[in-house]
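Q: Mind looking at a prediction? Sequence and model below.
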Amino acid sequence: MMVRRRQTSKAVIRQRRSREARALDRRYVEGYLRKPEDVAWGETGAKLLARRLPREKW
């Protein structure tokens, strides 16, 4: 009985986290559609990464 209760509890937690993740994704998309990101930030970030990553040793 205790094992089944524990499994059910874990399943409920997984469902809730999944639902919360979908809600956050939906909020991000809605926000982006209302006010798209500025492309200049993305271009600047890409340039900075392009300069930084070749110097790093993995």
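A: Structure received. Numbers count the residues shown, from 1 in each chain.
Q: which phi and psi does residue 37 have?
A: Main-chain torsions, residue 37, degrees, to the nearest 10: phi -70, psi 150.
Q: for the chain, which spans come out with low pLDDT?
A: 1, 55-58 (pLDDT under 70).
Q: residue closest to the middle of it?
A: residue 25 (7.3 Å; Cα atoms, centre = their mean).
Q: residue contacts, it?
A: Residues counted as contacts of residue 25 (Cβ atoms under 8 Å, 6 or more residues apart in numbering): none. No exception for glycine: its C-beta is placed from N, CA and C like everyone else's.
Q: How much space separates it from residue 32?
A: Per Cβ to Cβ, to the nearest Å, residue 25 is found 11 Å from residue 32.
Q: can you tell me the helix or strand for the residue nearest to the centre of the chain?
A: Applying DSSP states H and E as the criterion places residue 25 in helix 2-34.
Q: Which SSE is immediately downstream of that helix?
A: Criterion used, DSSP H and E; the element after helix 2-34 is helix 39-52.
Q: What is the burial count for residue 9?
A: 10 (other Cβ atoms under 10 Å).
Q: typed the wrong thing, it's residue 35
A: Neighbour tally, residue 35, other Cβ under 10 Å: 7.
Q: what does residue 7 give?
A: 10.
Q: That one and residue 14, how far apart?
A: Using Cβ to Cβ, residue 7 is found at 11 Å from residue 14.
Q: and what of residue 49?
A: The separation that residue 49 has from residue 14, given Cβ to Cβ, amounts to 34 Å.
Q: cool, and residue 35?
A: In terms of Cβ to Cβ, residue 35 sits 33 Å off from residue 14.
Q: try residue 40
A: If you go by Cβ to Cβ, the gap between residue 40 and residue 14 works out to 40 Å.
Q: Now for residue 19: which residues touch it?
A: For residue 19, the contact set (Cβ under 8 Å, 6+ apart) is empty.
Q: Kindly report the same for residue 44.
A: Counted by Cβ under 8 Å, 6+ apart, residue 44 has zero contacts.
Q: phi, psi of residue 38?
A: phi -80, psi 130.
Q: Relative to residue 44, how far out is it?
A: 10 Å.
Q: Brilliant, that's me finished.
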